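A.B. asks: coordinates only, sequence not included:
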């Protein structure tokens, strides 16, 4: 456990984030005792795929957790957004890729992989398809997480979404290989994959972040750090400040984070690692500010209007008063 002079008897805070370079960069200093977290103690962090963290949030498992903004829309009654640690930006959204040119909204039924039903990438795809009047009914097929199991498990178990492609849920780091092998027609890729998909001979059909930016004028909100509301405003504010300090430490000491980042990264090439960090860790990661908050609000509102996300009474932030529909 990571001690920060917590009072005796207080349980350690549970925390989870992804093994991707942007998250390990952000959290290195905090989880290695380089940042003070007064009156609190952190349990050893759990590094998991973001969709696993999304599912855990539905179960209210962790005190502090990385979440896709799509998942956040389902758990705002339990979690609030911290101002530090988020991934937002321009030119950094998920990509819809395939082996070659493909008419995604054509009459031929297509199989499209998504990196988890609660990911921002999945919601973005559905919003993008709905812009072409594709009726998305929310059904998602669950695919196993290993390439060897996928063909057998997919046989007869993929549901057709009315008027649109079949959406097949896969772990993010298996999607490109599934496309290359022809197991799916296309897929939505995230994280380091945007830097390496061309090496597998894949082509980009649509930059979903670019579509979002053009459609709304907002940066694309990808993921956030959320805290359980039950922690209380004072503790949540202290955690938020500690994460901001951890971001600042990482920016000031990037080389100090690198061994930890490479220990968990899917892609070990240093240039890819730093390109990834440069794309996803920025001023919004220090503080969402009005622009970031407006982007999140717009994203969640579009999901609600599309019937994908529930309308809730809780505000985004812990200090906000409850506001219907926000």
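C.D. replies: Now that the structure is in, tell me what you want to look at. All values reported here derive from a predicted model rather than from experimental measurement. Numbers count the residues shown, from 1 in each chain.
A.B. asks: CA atoms for contacts and neighbours, from now on please.
C.D. replies: Will do.
A.B. asks: and stretch 165-175, which residues are buried?
C.D. replies: Across stretch 165-175, burial judged by 16 or more other Cα atoms under 10 Å covers 165-173, 175.
A.B. asks: from these, pick the one nearest residue 52.
C.D. replies: residue 171 (9.5 Å; Cα to Cα).
A.B. asks: right, and the closest one touches residue 117 too?
C.D. replies: No. Between residue 171 and residue 117 there is no contact, the gap being 10.4 Å when judged by Cα atoms under 8 Å.
A.B. asks: which two from the buried residues of stretch 165-175 end up farthest apart in space?
C.D. replies: Most distant of the buried residues of stretch 165-175, by Cα to Cα, are 165 and 173, 20.9 Å apart.
A.B. asks: following element in sequence after the lengthiest helix in the chain, please.
C.D. replies: Taking DSSP state H as the criterion, the chain has its longest helix at helix 233-252. From helix 233-252 onward toward the C-terminus, using DSSP states H and E, the following helix or strand is helix 254-264.
A.B. asks: how far does that following helix sit from its chain's centre?
C.D. replies: Its chain's C-alpha centre and that of helix 254-264 lie 20 Å apart, by Cα atoms, centre = their mean, to the nearest Å.
A.B. asks: elements contacting it?
C.D. replies: Helices and strands touching helix 254-264, by 3 or more Cα pairs under 8 Å, 6 or more residues apart in numbering; DSSP states H and E, are helix 21-31.
A.B. asks: give me the residues contacting the helix it packs on.
C.D. replies: 2, 17-18, 35-36, 42, 44-45, 85, 242-243, 246-247, 249-250, 254, 257-258, 260-262, 264-265, 273, 276-277, 280-281 (Cα atoms under 8 Å, 6 or more residues apart in numbering).
A.B. asks: so how far is the helix or strand following that helix from its chain's centroid?
C.D. replies: As assigned by DSSP H and E, the chain's next helix or strand after helix 21-31 is strand 46-47. Using Cα atoms, centre = their mean, the distance from the centre of strand 46-47 to the centre of the chain it belongs to is 14 Å.
A.B. asks: name the helices or strands packed onto the helix or strand following strand 46-47?
C.D. replies: Later in the chain than strand 46-47, the nearest helix or strand by DSSP H and E is helix 50-58. In terms of contacts (3+ Cα pairs under 8 Å, 6+ apart), helix 50-58 is packed against strand 15-17, strand 64-68, helix 69-75.
A.B. asks: try 6 Å
C.D. replies: Where contact means 3 or more Cα pairs under 6 Å, 6 or more residues apart in numbering; DSSP states H and E, helix 50-58 is not packed against any helix or strand.
A.B. asks: if we go by neighbour counts, what in it is buried?
C.D. replies: For helix 50-58, by 16+ other Cα under 10 Å, it's 50-55, 57.
A.B. asks: what does it rub up against?
C.D. replies: The contact list for helix 50-58 (Cα atoms under 6 Å, 6 or more residues apart in numbering) reads 18, 67, 71, 116.
A.B. asks: does residue 221 belong to a helix, a strand or coil?
C.D. replies: Following DSSP: H, G, I helix; E, B strand; the rest coil, the label given to residue 221 is strand.
A.B. asks: how about residue 309, nearest residue that isn't a chain neighbour?
C.D. replies: Counting by Cα to Cα, 6 or more residues apart in numbering, residue 309 lies nearest to residue 303, which is 5.2 Å off, once chain neighbours are set aside.
A.B. asks: show me what counts as buried in the helix or strand encompassing that neighbour.
C.D. replies: Here residue 303, judged by DSSP H and E, is contained in helix 289-305. For helix 289-305, the neighbour count (16+ other Cα under 10 Å) marks 292-293, 295-304 as buried.
A.B. asks: hey, where'd the helices end up in the stretch 51-200 of the chain?
C.D. replies: 69-75, 120-130, 150-154, 175-180, 193-196 (DSSP state H, counting those that start in this stretch).
A.B. asks: thanks a lot, see you next time.
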